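Colleague: I would like the atomic coordinates for the input below:
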Amino acid sequence: MKASVFVVMLALAGCAAEQPKATYQQPNANFAAYKTYNFMDVKARQQGEAPTYITGVPELKEAVRQELERRGYQQSATPDLWVNIGVVTEDKVQTRETNIRDAPRYIGQRNYHWQSEQVVVNKYSQGTASIELVDAARNERVWEGTLTSILARNADKRAKRIDKATAELFATYPVPAR
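Modeller: Numbers count the residues shown, from 1 in each chain. Predicted structure coming up:
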């Protein structure tokens, strides 16, 4: 019984809407010296057919812009920091396993066979974004953060989830928000 409760709790924890992941910070990087930023061009590489709403790149760029400007950086055509964004989306299927209580009631003489099976409950997309800040003068990564979020089809919900996850991710950034 205890093992099954643990498995259910672990599965529910995996269903969180947004999850900031580990960050990387280059040792000896002087983040106070950076004053400007700009985004690198995003080139889409798609495998298969994926709807354009799934990526969430415009919402992610806006969230990163807000976080950097809250820390005093200004957007510039010749930046001190380049922002490189990588996004990977994956279609997921949520299932549940049927049990004997789900079997149809049957009374009669016929040979009846019941078997447990996986039933599709939900289909959704999950996106993982990597945000790298690159020193423009040295062309060297100085900070990186990764976040994972379930991508809502509703643009407002998707933007709110991305904003929340990006804010949590930038909470680990060495320059605090003003």
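Colleague: nearest residue to residue 40 other than its sequence neighbours?
Modeller: residue 84 (4.7 Å; C-beta to C-beta, 6 or more residues apart in numbering). The C-beta positions use only the backbone N, C-alpha and C, and glycine is treated the same way.
Colleague: I'd like to know how many residues surround that neighbour.
Modeller: 16 (other C-beta atoms under 10 Å).
Colleague: same thing with the one 4 residues further on?
Modeller: Here the number of neighbours of residue 88 (other C-beta under 10 Å) works out to 12.
Colleague: buried ones in stretch 135-150?
Modeller: 135-136, 141-150 (16 or more other C-beta atoms under 10 Å).
Colleague: pLDDT of that stretch, averaged?
Modeller: For stretch 135-150, mean pLDDT is 92.
Colleague: hey, where'd the strands end up in the protein?
Modeller: 18-25, 36-39, 74-75, 81-97, 118-135, 140-151 (DSSP state E).
Colleague: Compile the buried residues of stretch 135-150 into TSV and extend it with columns for distance to residue 91.
Modeller: Listed next are those as TSV, based on distance: C-beta to C-beta, whole Å:
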residue	distance to residue 91
135	36
136	36
141	30
142	33
143	30
144	26
145	24
146	20
147	19
148	14
149	14
150	11
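Colleague: before we move on, the earlier item: what distance do you get for the residue nearest to residue 40 to residue 93?
Modeller: Between residue 84 and residue 93 the computed distance is 31 Å (C-beta to C-beta, to the nearest Å).
Colleague: do residue 116 as well
Modeller: 17 Å.
Colleague: Let's check: the centremost residue of this structure is which one?
Modeller: residue 148 (2.1 Å; C-alpha atoms, centre = their mean).
Colleague: thinking that one is in contact with residue 130, fair?
Modeller: No. In this structure, residue 148 is not within contact of residue 130 by C-beta atoms under 8 Å, at 10.3 Å.
Colleague: So for stretch 70-86, what gets flagged as buried?
Modeller: Quick answer for stretch 70-86 (16+ other C-beta under 10 Å): 71, 73, 79-85.
Colleague: sorry, back to before: quick one: closest of the strands of the chain to residue 174.
Modeller: strand 18-25 (6.2 Å; C-beta to C-beta).
Colleague: what mean pLDDT does that closest one have?
Modeller: Mean predicted lDDT for strand 18-25 stands at 72.
Colleague: Repeat that for stretch 41-60.
Modeller: In this model, stretch 41-60 carries a mean pLDDT of 63.
Colleague: Next, work out how far apart residue 25 and residue 116 are.
Modeller: To residue 116, residue 25 is 48 Å away according to C-beta to C-beta.
Colleague: Using JSON lines, lay out the strands of the chain together with distance to residue 162.
Modeller: Formatted as JSON lines, these follow (distance: least, C-beta to C-beta, whole Å):
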{"stretch": "strand 18-25", "distance to residue 162": "8"}
{"stretch": "strand 36-39", "distance to residue 162": "15"}
{"stretch": "strand 74-75", "distance to residue 162": "19"}
{"stretch": "strand 81-97", "distance to residue 162": "10"}
{"stretch": "strand 118-135", "distance to residue 162": "8"}
{"stretch": "strand 140-151", "distance to residue 162": "6"}
